[in-house]
Structures are given as C-alpha cells and as structure tokens.
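Student: Pasted the sequence and its predicted model underneath.
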Amino acid sequence: MHKETAILIRDVSFSYNGIPVLVDVNLTINQGEFLSMVGPNGGGKTTLLKIMLGLLKPKSGEVLVFGKSPEKARELVGYMPQHTLYDPQFPVSVADVVLMGRLGLRRSGLYTKEDKKAVLHALEEVEMSDYYNQGFSSLSGGQRQRVLLSRALVSNPKILLLDEPTASVDVEIESKLYEMLKQLNRQITILIVTHDLGFVSRMVHRVICVKKQVVVHPTSELSGTLIQDMYGHDIHMVRHDHISEKDKSFNGCFH
C-alpha cells in the first residue's frame, strides 16, 4: 500500500554567515513512521528541524510538508522544542500552557469551548488531565515535559517533531515518555532528535544521521547499552549498507 509522504526534502542546503551547515540534503518521511535523528552537536540537526517547521529558509532546494510549504502546513505539525523558557513566578496553569498550542488555529481573540475540550483531550493523551488547573511551575520536570508534549499535540497535528524532549529528565521518566510516544505513533508520524538510541531503537523504523549531509539507515539490533560518546565511537547498531558511492566520504554519523 502506498503511504502518503509527510515531509519531502530535495537538494536542500543551508549556511550560517557563509559557513555550510547542511549540504545537498534529500529526505523523505512517510506518514505513520517513527524516526530518530542523530548526529554530533553542530552537525545540523536542529537547523534541519527548523527548516521543516518553516522557521528557517534553505539557501537552495525544496521542502514540502504534506504537499505544502512549511509555512502553510504549520497547523499540521506539532513541535516540542528542547528548551522552554518560563518565569517560575508567573501564575500560569497547566491548561494555559497547553492552550498556547491552539494559538495558530484561533480566528478570534478568545478561546472557545472547542479549544478547552481539545486541551483536556491532549492532557488525557499524556496522563496529565488531573493537573488541568494546577500551576505549571509546581510540576516536576517529568510532568512539565508531558505538559509540553500535550501542547504539541493539542492542535491535532499529523506529524510530531521533538527536539531532545528527554534532555533534562531521569531515565525512568525518559522511558515512560518514550512509551507514550510509541502509543501516539499508532495515529501520528513522529520524528525525534535524541542521543538516547538505546531507548528509541526498539521503536523507530529508521535513523536519520545528520552531519552536514544526511544519510538514512534502517535500525538494526542494539547491544542493549546506551551510546556513551555520540561523536566518535562505534555506532555498530546502525547499518551503513544504504550509503551510496557518492556518500562514502561521509562514512557514518560520528567519525
């Protein structure tokens, strides 16, 4: 059965102040997939994510999100950034935080009953509906991450992009969050930027390696241990059998 293309990237390049960050990137993400994006710091992962979101424009090439430009497809994409700045003294509730994810869908200045119903549903998805009226700053780190995931889901997107969502939580909370994503993947396409391949390898369908260029690999068996060094050590759990002759100089993600 033919799967709908969620994101199509053709020959995309991007530079910061004349310094190449991404070079001739080609990538197809199909609807229903669960993918992870890996690579060294500075390799272009977050830049590529922002290009998919329409927050950055490539120097050259084409990006389509469900057949539209990223700017026109934003309501189809849920995004959970790596860091969210907030004032812990500001009296914002859990519901208020999640409602922010509906801003792009509103046609008037007031939230509707439909908005509030969507918030409750999104909180139920991440098992946080009991905290609807609670102050956001009173939550634990793991609870905040689930609320931010709920904010990304509240617009009922077709694809979910997450930039290292477990960077500031412990292993137990990380594992629970990934299990939630596994369940969500039954209905939504998911792309997650992460260094924790030990967790996601049993869930993801493919791994996107980003180091200026992009090479996509099928996942293969892991040893069961987490990667200790994401910059230069062995990454034998990712097969390199799909690298073309043109890309042999790339030689994997972390050399």
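Tutor: Received, thanks. Numbering: from 1, shown residues only.

Student: How about residues contacting stretch 133-150?
Tutor: Here stretch 133-150 makes contact (CB atoms under 8 Å, 6 or more residues apart in numbering) with 80, 84, 86, 88-98, 101, 119, 122-123, 125-128, 131, 162, 165-166, 168-170, 173, 176-177, 180. Backbone N, C-alpha and C define where each C-beta goes, glycine included.

Student: How far off centre is it?
Tutor: Stretch 133-150 sits 19 Å away from the centroid of its parent chain (CA atoms, centre = their mean, to the nearest Å).

Student: Would you mind pulling the contact partners of stretch 10-23?
Tutor: By CB under 8 Å, 6+ apart, stretch 10-23 touches 24-26, 44, 47-48, 51, 56, 58-63, 210, 212-214.

Student: roughly how far apart are L139 and M128?
Tutor: Distance, L139 to M128, using CB to CB, to the nearest Å: 9 Å.

Student: go on, E174?
Tutor: 17 Å.

Student: Then L8?
Tutor: Taken as CB to CB, the span from L8 to M128 is 34 Å.

Student: tell me the secondary structure for V207?
Tutor: On the three-state scheme (DSSP: H, G, I helix; E, B strand; the rest coil), V207 is labelled strand.

Student: pretty sure it contacts E33?
Tutor: No - checked against CB atoms under 8 Å, the pair V207 and E33 is beyond contact range at 11.4 Å.

Student: So for the two, which sits in the more crowded spot?
Tutor: V207 (24 against 18; other CB atoms under 10 Å).

Student: The more buried one pairs with what?
Tutor: S36, H217 (DSSP bridges).

Student: what's the answer for I9, then?
Tutor: L27, V63.

Student: How many neighbouring residues does it have?
Tutor: I9: 21 neighbours (other CB under 10 Å).

Student: cool, the one 3 residues further on as well?
Tutor: Around V12 sit 21 other residues, with neighbours defined as other CB under 10 Å.

Student: Check Y131 too.
Tutor: 19.

Student: Surely it touches D96?
Tutor: No - taking contacts as CB under 8 Å, Y131 lies outside contact range of D96: 11.9 Å.

Student: Counting neighbours, go ahead and name the busier of L139 and M128.
Tutor: More crowded of L139 and M128, by other CB under 10 Å: M128, with 20 against 17.

Student: thought that one was touching S93?
Tutor: No - contact criterion CB under 8 Å: M128 and S93 do not qualify, at 11.9 Å.

Student: Give the residues shared as contacts by the two.
Tutor: By CB under 8 Å, 6+ apart, no residue touches both M128 and S93.

Student: Near the nearest residue to P81 once chain neighbours are set aside, how many other residues are there?
Tutor: Excluding the flanking residues, the one nearest P81 by CB to CB, 6 or more residues apart in numbering is D163, at 5.4 Å. D163 has 19 neighbours, counted by other CB under 10 Å.

Student: In CSV, list the C-alpha atoms belonging to the host helix or strand of R151.
Tutor: R151 belongs to helix 141-153 when assigned by DSSP states H and E. Output of helix 141-153 as CSV, limited to C-alpha atoms (Å, rounded to 0.1, in the frame of the first residue of the first chain):
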residue,chain,number,x,y,z
GLY,A,141,10.5,18.0,35.5
GLY,A,142,8.9,14.9,34.0
GLN,A,143,5.4,16.3,34.4
ARG,A,144,6.4,19.5,32.7
GLN,A,145,7.7,17.5,29.8
ARG,A,146,4.4,15.7,29.5
VAL,A,147,2.5,19.0,29.5
LEU,A,148,4.8,20.4,26.8
LEU,A,149,4.2,17.2,24.8
SER,A,150,0.4,17.8,25.3
ARG,A,151,0.9,21.4,24.0
ALA,A,152,2.4,20.0,20.8
LEU,A,153,-0.5,17.6,20.4
